[in-house]
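Asks: test case, fold it:
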Amino acid sequence: MNELVNKLFNGSWNFKHREAIVNRIKTITYDIIVIGGGITGAGVAREATMRGLKVCLLEKQDFAAGTSSRSSKLAHGGIRYLGQGEMGLVKEATTERNWMRHHCTTVRPIPFLFVAWEGEKYKMRDIKAATKMYDFLSDRNEEFKNYKKRKILSPEKVVESEPEIKKEGNNGGVIYYDNNVDDARLTIETLKEAVIRGADIINYCEVMGYLEEEGTIKGVQCKDLEDNKEFEVKTTLVVNATGIWTDELLNQYPDDVPEPLIRPTKGVHLVYKQEHVKNKMATIITSITDRRAFFVLPRGDFTIIGTTDTDYKGDLANPYCNKEDADYLITSVKHYFPTAELEYKNLLATYAGIRPLVREKGVSESDVSRKHIIFFNKKGLLTISGGKLTTWRKMAEDLFEKVEEKQIFSNISREKDFSKQKFSVSMDKDEWEQELQNSGVELEKKSADYLYRQYERGALKIIELIKDNSELKTRILEGYDFIKAEILYLLRHELTPHLIDVFCRRTEMSLFIDHRKQKEAAQVVAGIMAEEYKWSAETKEKEVSRYVDYIKNTVSFI
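Replies: Numbers count the residues shown, from 1 in each chain. Sure, this is the predicted structure:
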């Protein structure tokens, strides 16, 4: 593990070295090319390198730019799937959730309140049974257990636990536990686990087509979107892990998949300060409009509300929240939290993502299964699609069962759950606190906790930067946790070409900084990037304008 930790911070996977990475990719014949840099592709790359394979991963946008940075930020088992009889899916997801919580601090437990409301679908007996089964499936015969067991509440205890929730019709409830997660940070750290094991991974490189030899795919034709140059990459196996773009990668072979495989549905989230929503814990909300369930989710000083679930036919790369989406969520939250101050003037941010659901005939968008599918086409292209953020590791493991069946590679077999290993970046809280104390760097406890939670061992590198230059301890904006040293760490240890990557994927600044203050924050971060990357004044302003335009689109209905 020490060797991997050293590789984690050797500074070879960053934008300054991107050209060298591209040049190396052009010269190597890989065992596997993974197309897609979301959590699914990242998981496949990690799993492949852990099995000793030589891996190249290509992403046409930034890593996690699609669904993997636009989720509800939950590592959860999907308690609602119990009502659909999906016991296997819930067992799979809850056990993966537990493993991640034990080994990754960006996955952190939060209590969920599930109330039995008079006249609604879920009765107290149903909620008791569901949460009991949820905990049972999670922990039975498993090494990693859930954070805490459920707790049954009387109507009075519900109000005591969540004082601002509506009083009328409360028949009691249950508190159970799932987990928050920074989905994009999880994706980046998973990619880095593959990089330190020898994978070559780049973003902003689009796959334009396939290379065939004797009727079998043996490579891809790429276009580097940073310099518009095309090149070829050769391999033994190509994996299509492109999520909502799966059909685009399959369209060259329509005879294999005659109908679209993916049913894209849009999920929208709203971000407020927690003091305006007035929730204390995560709560399941049933829409008063269409009876769909969604969440009110605490994230530190903030609350995320979502998600919607509607079929989507627009630009897959650029979905946005509209007034109808926002009002749909706000109306129901106000019903259950009558004192909530959810006026648009208090809205901090919105974001929208597209789920790559696998089509099921005659099933509504809210009821489509979150199971994943894996299949080869006639040309040898291996596709993986569907699934949940939480089950990324298991999806990769299942993919390699298919690879082993085909006997494409020798000596790659591993026992079940082999890859349930600690991330190289993992660090115990006690070790962090001791290292911080020894460093002599003084940080507010809230800032120190934030850096540890987001970066674990990477936070030590941030502390080193502050020791060299105390000015880097300065916050990007007053009132927010983000500091300058954090930005410099990201630029030097992660492949981060653009300003929007920093705000939307490397950090959560796009979510938690008020949209009215985003331009000010963008100018500060762009200044750091301009100095590190030697940007011209023109490039700096283009980067700021591109990001600010994105933010304007997320709140265009206000």
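Asks: can you give me the helices for the stretch 451-558 of the chain?
Replies: 458-468, 484-493, 499-501, 509-512, 518-533, 537-554 (DSSP state H, counting those that start in this stretch).
Asks: residue 205: which of those is closest?
Replies: Nearest to residue 205 among the helices of the stretch 451-558 of the chain is helix 499-501 (14.1 Å), distances taken as C-beta to C-beta. Heads up, the C-betas are built off the backbone N, CA and C, glycines and all.
Asks: out of the helices of the stretch 451-558 of the chain, deepest packed?
Replies: helix 499-501 (a mean of 25; mean count of other C-beta atoms under 10 Å).
Asks: neighbouring contacts of that one?
Replies: 62, 203, 522, 525, 526, 529, 543, 544, 546, 547, 550 (C-beta atoms under 8 Å, 6 or more residues apart in numbering).
Asks: including pLDDT and distance to residue 145, could the residues you listed go into CSV?
Replies: Converted to CSV, the contacts of helix 499-501 look like this (pLDDT from 0 to 100; distance: C-beta to C-beta, whole Å):
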residue, pLDDT, distance to residue 145
62, 98, 35
203, 98, 36
522, 98, 43
525, 98, 40
526, 98, 45
529, 98, 43
543, 98, 45
544, 98, 47
546, 98, 45
547, 98, 42
550, 98, 41
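Asks: can you put those in JSON lines and add distance to residue 118?
Replies: JSON lines is the format used below for these (distance: C-beta to C-beta, whole Å):
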{"residue": "62", "distance to residue 118": "47"}
{"residue": "203", "distance to residue 118": "51"}
{"residue": "522", "distance to residue 118": "48"}
{"residue": "525", "distance to residue 118": "49"}
{"residue": "526", "distance to residue 118": "53"}
{"residue": "529", "distance to residue 118": "54"}
{"residue": "543", "distance to residue 118": "53"}
{"residue": "544", "distance to residue 118": "52"}
{"residue": "546", "distance to residue 118": "50"}
{"residue": "547", "distance to residue 118": "47"}
{"residue": "550", "distance to residue 118": "43"}
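Asks: the helices of the stretch 451-558 of the chain: which one's closest to residue 298?
Replies: helix 509-512 (12.4 Å).
Asks: now the residue sitting nearest the centre point of the chain. Nearest residue, chain neighbours left out?
Replies: What sits nearest the mean C-alpha location of the chain, by C-alpha atoms, centre = their mean, is residue 183, with 2.1 Å. Spatial nearest neighbour of residue 183, chain neighbours left out: residue 71 (4.9 Å); criterion: C-beta to C-beta, 6 or more residues apart in numbering.
Asks: where does the stretch 151-300 of the chain dip in pLDDT?
Replies: Judged by pLDDT under 70, the stretch 151-300 of the chain has its weakly predicted residues at 254-260.
Asks: nope, the chain is what I meant
Replies: Looking at the chain by pLDDT under 70, you get 1, 254-260, 359-370.
Asks: run the last query once more with 50
Replies: 361-369 (pLDDT under 50).
Asks: specify the residue positioned farthest from the middle of it.
Replies: Outermost in the chain, C-alpha atoms, centre = their mean: residue 214 at 38.4 Å.
Asks: what about stretch 291-306, start to end distance?
Replies: 14 Å (C-alpha to C-alpha, to the nearest Å).
Asks: got the buried residues for that stretch?
Replies: By 16 or more other C-beta atoms under 10 Å, the buried positions in stretch 291-306 come out as 292-299, 302-306.
Asks: these: which two are farthest apart?
Replies: Farthest pair in the buried residues of stretch 291-306, by C-beta to C-beta: 292 and 302, 22.9 Å.
Asks: now do the same contact list for residue 197.
Replies: Counting by C-beta under 8 Å, 6+ apart, residue 197 has contacts 4, 46, 49, 50.
Asks: where does residue 392 sit relative to residue 226, distance-wise?
Replies: The gap separating residue 392 from residue 226 is 27 Å, by C-beta to C-beta, to the nearest Å.
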